[in-house]
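S.K.: structure for the following, please:
(3 chains)
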Amino acid sequence: MPTVIDARVGRPAGDAVRPILMKGNEAIAEAAIQAGCDAYFGYPITPQAELLEWMARRMPELGRVFVQAESELGAINMALGAAATGARVLVSSSSPGISLMAEGMSYLAGSEVPMVLVNVMRGGPGLGSIGPSQSDYFQATKGHGHGDYRVPVLAPSSIAEAVELTADAFEIAERYRTPVIILADGVMGQAMEPVTPVYRMPDRIPGGWELSGAADRPPRVVRSLHLQPEDLEAHDRRLQAKFAAIAEREVRWAGESLDDAEIVIVAYGTAARVARTAIERAREAGLRAGLFRPISLWPFPSSRLASAAADLRALVVVEMSAGQMVEDVRLAVEGRPPVFFHGRMGGMVPTPGEVVDVLRRAWALTAPGRPQPVGG
Amino acid sequence: MAILAEPTRIMRRFEAFRPLDLEVDRCKGCGLCVSVCAPHVLELDVGSVNGLGYHPVRLTDAEACTSCALCARICPDAVFSVYARPRST
Amino acid sequence: MQTLAPDPRRVIYRRPDLLTDTSTHYCPGCGHGIIHRLVAELLDEMHLGPSTIGVASVGCSVFAYDYLAIDFVESPHGRAPAVATGVRRVRPDAFVFTYQGDGDLAAIGTAEIVHAAARGERISVIFVNNGIYGMTGGQMAPTTLLGQQTTSSPDGRDAGLAGYPIAITEMLALLPGVAYAARGSIADPQWIGRTKAMLRRSFEVQLAGAGLSIVEILSTCPVGWGLTPVESMAHLAHEVVQTYPLGVLVDRSKGRPGPAES
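M.R.: Numbers count the residues shown, from 1 in each chain, chains lettered A, B, ... in the order given. Below you'll find the predicted structure:
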């Protein structure tokens, strides 16, 4: 581990900076630090313990707050307290620990307190495995805890992208007063890739709600309890309007080789990288494949996907799960074109060879003149 | 004469000393003050009902009140303000 | 124009400034009203109002933020010591307290209070023990007395089925991070006065940076107990104290240095 990080914030473009090899967990931690993270609360869990350990060393060095909590439950609640005073807060964990944070996330959303949560996904359910997975998609995008709320979810597919999205996550969190999830997986957390250490620190804009002691102003309360049904409905309507604004403005996705593609893979995170190799091989064999890569899983790029898919022969969804994002894909395209799925579970990562096989099968099953399948 | 210019001050001089101010609309008729009052000068006024729906506390004998403030100490609703009896002039 | 002359009466007691005008939702004779008043009096007297961030918890006192005119954050059930830890760590100059009931602190929140205490967080914990879950209709609490009837122990608490009342403050007092632990009561004006002194000490311990302080306050729930407010006070004074003795459990704050400058 390098003892000094040569981090340049806001360096002008074009100024040459040598990339350094960084482990994903540590790169995300440093990106958060450079984005102005004031406090980190966490608990050790594989495969993200290195993020906590990086913070344990760096935060005290910088005079900022680090606490290893008694549990993930403790950590998310410490985050609620700290972020309620306007501090920029990061929490990280992996799937079983994230489950413990469901209550806290619901309270953060209901109280409109911004913070960033990193989930380095592992195999589940239950204690599962420590291998990588994407089986927390439902948990992250369908609300996580109880009540009517949404949480923006950003899914990097490389460590360099994770660094960028960390700064974006703080910005989105504070712009809309919401928790934000960065959904990574065990491969990304543990792998080492070149990272150009140029970081971004989003501006801070006080919102007039932060707790600091009621000196020379009326007292403020950060809470989610609205006991009268009419009051809670009004509050919920305001939250829903906020989510609608996020859905309009914060959709992110990337496309590769889509211009002439006839069959497109929809994948995110590490699965998208496997898909990229599969597409290269498929094209070498004459099959025109492309990649549609959602980067915001919520808001899901439904209309962009629907337009990109309009004239395709098939979509193939690849996930490291039993199939979770595939449901949102099917909803987005509403039956046309047919949607095929390939997934591995339990910590297994699909191979490019497997994905190429699925592309071929989808191609064969959707040949003109054949009865069109609904999907497989 | 100063009387016309300062009627309120004159009125205070001849007014009986009030050892307690009672915010009766906060009272919930719990009776704790009655139970701790040593000279027994507090009672719940069963003849009236306040805005909250309770029989509020009433001071029955201002002269016998010693301003000990035990009522104020035990009141869960901060109904009482207590004042010291002026020394006799 | 006629002006009123100032009130010439010498004030022995007046309503604290930090209590809002809102009439509380607490039942007649509920101890929360007395304890809120003590907190307001102390924050006024010690001039802490402008720097206080309170952490409200879940129970009858969830609306504490409507009754005390200070900044407040609402915490999920049991999590107040963790939420307070977050507040305290990023706001070293704030005055931070939690206000928790027996379910909040001694049931669902046991891990959070133990670890905040173990870490010696510089917060003041106000623990209101009335031996019952008032807000949800009078169920058994970890602090319910043996033989006590509640809606979830209709035949009286049986040690064989439900164990013994938990002396959580005695347990916490074992930890070096706890600079001050005491148990008071609101059973009569004398003990209310002594409890106020305990709370004052707890606040001073926080300001001195000596560690976590906790004041458990035996309180009443007349409606849950099925007693009048006056009977409830007697029950506190005679029965409850047999299980939960009053007094200072530990005071490690004397001679303890404050936190190192960061």
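S.K.: mind checking the end-to-end distance for stretch A:250-270?
M.R.: Taking C-alpha to C-alpha, to the nearest Å, stretch A:250-270 runs 22 Å from one end to the other.
S.K.: nearest to chain B: which residue in the stretch 51-200 of chain A?
M.R.: Of all residues in the stretch 51-200 of chain A, A:Ala84 sits closest to chain B, at 28.2 Å by C-beta to the nearest C-beta. Using the backbone N, CA and C atoms, a C-beta is placed for each residue, glycine as well.
S.K.: distance check, whatever residue of the stretch 1-150 of chain C ends up closest to chain B against B:Cys30.
M.R.: The stretch 1-150 of chain C approaches chain B most closely through C:Gly33 (2.5 Å), counting by C-beta to the nearest C-beta. Using C-beta to C-beta, to the nearest Å, C:Gly33 is found at 9 Å from B:Cys30.
S.K.: now for the residue nearest to C:Ile168 when sequence neighbours are not counted, how many residues are close by?
M.R.: Distances taken as C-beta to C-beta, 6 or more residues apart in numbering or on different chains put C:Ala106 closest to C:Ile168, at 4.5 Å, once the chain neighbours are dropped. For C:Ala106, the number of neighbouring residues by other C-beta atoms under 10 Å in any protein chain shown comes to 24.
S.K.: over to A:Arg18?
M.R.: Neighbour count for A:Arg18, taken as other C-beta under 10 Å: 8.
S.K.: that one belongs to a strand?
M.R.: No: counting by DSSP: H, G, I helix; E, B strand; the rest coil, A:Arg18 falls outside a strand, being coil.
S.K.: now do the same contact list for it.
M.R.: Counting by C-beta atoms under 8 Å, 6 or more residues apart in numbering or on different chains, A:Arg18 touches A:Thr196.
S.K.: quick check: it vs A:Ala31, distance?
M.R.: Using C-beta to C-beta, one gets 17 Å for the distance from A:Arg18 to A:Ala31.
S.K.: re earlier: what touches both of C:Gly33 and B:Cys30?
M.R.: Common neighbours of C:Gly33 and B:Cys30 (C-beta under 8 Å, 6+ apart) are B:Pro76.
S.K.: can you map out the helices along the chain?
M.R.: With no chain named, the answer covers chain A. Counting by DSSP state H, chain A has helices at residues A:24-34, A:49-61, A:72-84, A:95-100, A:102-111, A:137-141, A:159-176, A:186-190, A:229-249, A:269-284, A:302-309, A:325-333, A:352-365.
S.K.: actually, chain C is the one I wanted.
M.R.: Secondary structure of chain C by DSSP H: the helices cover C:31-45, C:64-67, C:80-90, C:102-103, C:110-118, C:159-162, C:168-173, C:189-208, C:222-225, C:229-235, C:241-243.
S.K.: check chain B too.
M.R.: Counting by DSSP H, chain B has these helices, from start to end: B:2-5, B:7-14, B:32-36, B:70-74.
S.K.: hmm, back to that, to chain C, which of the helices of chain A lies closest?
M.R.: Of all those, helix A:72-84 sits nearest to chain C, with 2.9 Å by C-beta to the nearest C-beta.
S.K.: which parts of chain A sit against chain C?
M.R.: Residues of chain A that fall close to chain C, judged by C-beta under 8 Å from any C-beta of the partner chain: A:38-39, A:41, A:63, A:65, A:67, A:69-71, A:73-75, A:77-85, A:87, A:89, A:103-104, A:107, A:111, A:211-216, A:219-225.
S.K.: buried among the residues you listed? Make that a ChimeraX selection.
M.R.: The ChimeraX selection below is limited to those of these classed as buried (16 or more other C-beta atoms under 10 Å in any protein chain shown):
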select /A:38,39,41,65,67,69,70,71,73,74,75,77,78,79,80,81,82,83,84,85,87,89,103,104,107,111,211,212,213,214,219,220,221,222,223,224,225
